[in-house]
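Undergrad: Here is a sequence with its predicted model. Questions after.
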Amino acid sequence: MMTHDERPMLAIDSCSDLTPEIVARFDVEELHFPFTLNGAEHLDDFGRSFPHRDFYAAMRAGAAPTTAQIPRAAFESLFRKAAESGRTLVYLGFSSGLSGTLDTAHLVRQAVLADHPNADIRIVDTLNASAAEGFLVYHAMRMHADGASADEIVQFVESRKLLVNGFFTLENLEALRRGGRISDAAAAAGAVLDIKPILTIDREGKLVLKRSVRGRKKSVSTLLDIMQERRDPSLGDVVAVVHADAPEEAAALKAAVQERFAPSEILELPVGPVIGSHVGPGMLALVFWGKERER
């Protein structure tokens with residue numbers, strides 16, 4: 001068994017949308033994305049300093065939050081801490097297909113290596129976002145807690161990241177419209193027709209529309225049907241039920257998952273303010289191990 005000083009440092013970011021209780025169970029470093037709401041800047045710190053329900057209440061009242069990348073200084077502080085301690089650092093990062101944050105991380109890594117050429121700093125693109133990222137990170141954190149090496153953690157994440165199946169649906173299209181993901185006309189038509197998109201993350205870590213259905217009830221049943229089609233419990237029997245301030249619907253979805261699939265563990269994960277800024281309140285999702293993502 002490795003001593004603490006021999007164990008790699010493991011770093012995660014707040015777009016993994018884990019609960020503070022889960023994060024607290026593990027010895028990990030945290031990197032926090034900032035967001036601005038009603039003119040005030042906050043850190044997405046897994047809901048500790050700014051409760052998710054307050055954030056979504058503000059959005060429902062008409063607030064239009066904005067988000068930013070993890071500051072360079074945060075990477076600088078963490079990477080230098082690892083280099084100066086002599087410990088290997090593994091950072092599991094938010095998808096490069098949705099943010100330039102990993103570009104910043106790589107630039108900072110090069111700067112730190114210039115001063116500490118023997119430092120071992122590994123940056124892993126999870127190609128996932130929100131609780132799909134969190135699902136992968138959760139398994140990596142458990143490995144780390146069990147004494148896995150940096151090589152073992154990186155190999156696991158690289159081999160499994162395209163087997164994370166995350167599918168989600170939205171309450172409405174307003175946040176996607178405001179973020180420029182869809183046109184005003186498409187959002188208006190969607191509202192009139194009660195269109196609910198089913199979205200996922202593709203092989204490049206980008207957001208894609210899987211299908212569109214009419215009505216919330218149909219969109220939720222479609223999530224379960226997709227899980228039926230794609231799930232592979234031989235890869236692991238954990239499932240995540242995810243929501244953006246929709247606890248009652250999440251509880252019903254969790255019960256449906258338990259009845260239909262009887263997984264060994266169901267994680268209930270929140271959507272934090274950075275992801276929530278782009279999807280809006282009411283998002284529901286299922287995350288599970290399954291078929292490799294399609295090209």
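TA: Here it is on my side, so go on. All of these numbers come straight from a predicted model, not from anything done at the bench. Numbers count the residues shown, from 1 in each chain.
Undergrad: what number of residues lie near the closest residue to D45 other than its chain neighbours?
TA: With sequence-adjacent residues excluded and distances taken as CB to CB, 6 or more residues apart in numbering, D45 is closest to H32, at 5.0 Å. For the C-beta atoms, the positions are set from N, CA and C on the backbone; glycine is no exception. H32 has 20 neighbours, counted by other CB atoms under 10 Å.
Undergrad: Poorly predicted segments of the stretch 1-150 of the chain, please.
TA: 1-5 (pLDDT under 70).
Undergrad: re the thing from before, my guess is the residue nearest to D45 contacts S14. True?
TA: Yes - counting by CB atoms under 8 Å, H32 touches S14, with 4.8 Å between them.
Undergrad: Quick check: neighbours shared by those two?
TA: Residues touching both H32 and S14 (CB atoms under 8 Å, 6 or more residues apart in numbering): L43, D44, D45.
Undergrad: From these, pick the one nearest I22.
TA: Of all the shared contacts of H32 and S14, the one with the least separation from I22 (CB to CB) is D45, at 13.5 Å.
Undergrad: Hmm, that closest one is touching L31, no?
TA: No - D45 lies out of contact with L31 (CB under 8 Å); the separation is 10.1 Å.
Undergrad: Tell me the residues that contact both of the two, please.
TA: Common neighbours of D45 and L31, counting by CB under 8 Å, 6+ apart, are S14.
Undergrad: Between the two, which has more neighbouring residues?
TA: Neighbour count, other CB under 10 Å: between D45 and L31, L31 has more, with 23 against 16.
Undergrad: give me phi/psi at the spatially closest residue to S264 that is not a sequence neighbour?
TA: Spatial nearest neighbour of S264, excluding adjacent residues (CB to CB, 6+ apart): D237 at 4.1 Å. Here is the backbone geometry of D237 (degrees, to the nearest 10): phi -110, psi 20.
Undergrad: For A132, see how far away D237 is.
TA: Distance of D237 to A132, given as CB to CB, to the nearest Å: 17 Å.
Undergrad: swap in A40?
TA: According to CB to CB, A40 stands 29 Å off from A132.
Undergrad: likewise A74?
TA: For A74, the distance to A132 - CB to CB - is 23 Å.
Undergrad: now swap in V28 and tell me
TA: Distance, V28 to A132, using CB to CB: 18 Å.
Undergrad: Where do the helices of the stretch 101-250 of the chain begin and end?
TA: In the stretch 101-250 of the chain, the helices defined using DSSP state H, counting those that start in this stretch lie at 101-115, 130-145, 150-160, 174-178, 184-193, 216-230, 247-261.
Undergrad: residue contacts, the most centrally placed residue in the chain?
TA: The chain has S130 as the residue nearest its centroid, 2.0 Å off, counting by CA atoms, centre = their mean. Contacts for S130 were tallied using CB under 8 Å, 6+ apart; they are C15, S16, D17, G166, F168, V242, V271, G272, I275, A285.
Undergrad: where's the first one relative to V213, distance?
TA: Spelled out, it's C15. Distance, C15 to V213, using CB to CB: 27 Å.
Undergrad: Show me which of those two is the more surrounded one.
TA: Here C15 and V213 are compared on neighbour count by other CB under 10 Å; more neighbours surround C15, at 28 against 18.
Undergrad: Now do the same for that one: helix, strand or coil?
TA: For C15, the assignment made with DSSP: H, G, I helix; E, B strand; the rest coil gives helix.
Undergrad: Look up how far G166 lies from the nearest residue to it once chain neighbours are set aside.
TA: Nearest residue to C15, sequence neighbours excluded (CB to CB, 6+ apart): F94, at 4.1 Å. According to CB to CB, F94 and G166 sit 13 Å apart.
Undergrad: anything in contact with each of the two?
TA: With CB under 8 Å, 6+ apart, F94 and G166 have common neighbours N128, A129.
Undergrad: which one of these two has more residues nearby?
TA: Higher neighbour count among F94 and G166: F94, with 29 against 24, using other CB under 10 Å.
Undergrad: Help me confirm that that one comes into contact with E133.
TA: Yes - counting by CB under 8 Å, F94 touches E133, with 6.2 Å between them.
Undergrad: any residues in contact with both of these two?
TA: Overlap of the contact sets of F94 and E133 (by CB under 8 Å, 6+ apart) consists of C15, S16, T126.
Undergrad: export those to JSON lines and tack on distance to E152?
TA: Below are the shared contacts of F94 and E133 laid out as JSON lines (distance: CB to CB, whole Å):
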{"residue": "C15", "distance to E152": "24"}
{"residue": "S16", "distance to E152": "20"}
{"residue": "T126", "distance to E152": "16"}
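Undergrad: mind checking the end-to-end distance for stretch 261-269?
TA: Taking CA to CA, to the nearest Å, stretch 261-269 runs 18 Å from one end to the other.
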